[in-house]
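> When you get a sec, could you give me coordinates for this:
(one chain, ligands or ions: 1)
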Amino acid sequence: MGALPTGDGATLVGCYFPQSDFQRIKGDAFDAYLASFRELAPDLHARVAEAGPVDRLYGTGDQQNFIRRAAGPGWALVGDAAHHKDSITARGITEAYLQAQLLADTLADGVPRGAALDEALERYAKAHHDLVVDVYNSTLFVADLEVKDERLAMLRAVADSSEMTELYFSMLSGACSADEFFNEEFLASF
Ligand SMILES: Cc1cc2nc3c(=O)[nH]c(=O)nc-3n(C[C@H](O)[C@H](O)[C@H](O)COP(=O)(O)OP(=O)(O)OC[C@H]3O[C@@H](n4cnc5c(N)ncnc54)[C@H](O)[C@@H]3O)c2cc1C
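Okay, here's the model as predicted:
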């Protein structure tokens with residue numbers, strides 16, 4: 001779950017449930033949100049219960065996970081068309097830009113024709129896969145919604161340190177690498 005400031009002084013709250021629970025939760029989503037907040041984030045529960053909703057809840061039970069072949073003779077895909085993953089890691093927009101940049105860089109010297117174009121697109125398709133596969137795998141791991149003891153200990157160590165909290169969100173957004181975040185000093189601290 002998360003809470004983010006948005007327009008008009010409102011706060012956007014989001015909550016993830018197993019996709020298989022979608023039909024059950026859809027019937028009374030607000031109560032399901034409150035029950036989760038009550039159990040796992042009591043401060044947030046108090047704020048949401050007091051303020052109430054300013055809009056209806058929006059949700060989806062159809063978060064697909066795939067990496068498609070991103071190019072072929074005369075065509076190329078970028079963004080969600082090429083690669084879709086659960087929104088839980090919030091990386092789709094960032095990665096759509098990275099994919100568009102990769103395609104633009106591949107064709108930076110002008111769009112070749114014929115076989116040269118197909119070769120360039122083949123290079124793009126391979127590089128595209130390498131670009132997205134690591135975050136894709138880590139997203140599937142997070143989307144499992146299984147919080148193992150080791151991960152919980154790591155998250156608690158993050159919460160205890162403002163420096164690690166900043167680095168953690170930098171890693172999630174892609175601004176710093178996982179290696180930078182999981183440095184030796186931090187790994188030894190939990
Ligand atoms: C709940 C949720 C939360 C998310 N949160 C984040 C986040 O915090 N950060 C982040 O980086 N990403 C987030 N994402 C992912 C992100 O929204 C997508 O990865 C991103 O929008 C993909 O951009 P895109 O341009 O490839 O596709 P889209 O944004 O889907 O754009 C495709 C456009 O093409 C149009 N279109 C479709 N078919 C046709 C047609 N035949 N003719 C003309 N137009 C057509 C569609 O109407 C649409 O406007 C989230 C996704 C979800 C579902």
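> Tell me which helix or strand comes right after the longest helix seen in the chain.
Criterion DSSP state H: the longest helix present in the chain is helix 114-143. With elements assigned by DSSP states H and E, the helix or strand that comes after helix 114-143 is helix 149-159.
> Need the contact partners of that next one.
For helix 149-159, the external contacting residues (CB atoms under 8 Å, 6 or more residues apart in numbering) are V147, M164, T165, Y168, F186, S189, F190. To be clear about C-beta, it is placed using only N, CA and C from the backbone, and glycine gets the same treatment.
> Doesn't the fifth one belong to a helix?
Pointing back at F186 there. Yes. Counting by DSSP: H, G, I helix; E, B strand; the rest coil, F186 is found in a helix.
> and the residue of the chain positioned farthest from its centre, how far is that from R69?
In the chain, counting by CA atoms, centre = their mean, G114 sits farthest out from the average C-alpha position, at 37.0 Å. To R69, G114 is 20 Å away according to CB to CB, to the nearest Å.
> V142 reaches I88, doesn't it?
Yes. Proximity of V142 to I88 meets the contact threshold set by CB atoms under 8 Å, at 5.4 Å.
> Okay, and Y168 sits in which element?
Using DSSP H and E, Y168 sits within helix 162-173.
> contacting residues around that helix?
By CB under 8 Å, 6+ apart, the residues outside helix 162-173 that reach it are 89-91, 94, 157-159, 176-178, 180-181, 186.
> Quick one: residues contacting the residue nearest to the spatial centre of the chain.
For the chain, T89 is the residue whose C-alpha lies nearest the centre (CA atoms, centre = their mean; 1.9 Å). Counting by CB under 8 Å, 6+ apart, T89 makes contact with V135, S138, T139, V142, A143, L172.
> Check the gap between the nearest residue to A32 once chain neighbours are set aside and Y58 for me.
Nearest residue to A32 in three dimensions, chain neighbours excluded: I25, at 4.5 Å (CB to CB, 6 or more residues apart in numbering). Here the criterion is CB to CB. By it, I25 lies 13 Å from Y58.
> just R69 next, same as before
Distance, R69 to Y58, by CB to CB: 31 Å.
> Could you do G2 as well?
The spacing between G2 and Y58, counted by CB to CB, is 15 Å.
> So between those two, which is more surrounded?
Comparing G2 with Y58 by other CB atoms under 10 Å, the one with more neighbours is G2, at 12 against 7.
> neighbours around the residue nearest to the more buried one when sequence neighbours are not counted, how many?
Distance criterion CB to CB, 6+ apart; nearest residue to G2, sequence neighbours excluded, is G14 at 5.2 Å. Neighbour count for G14, taken as other CB under 10 Å: 15.
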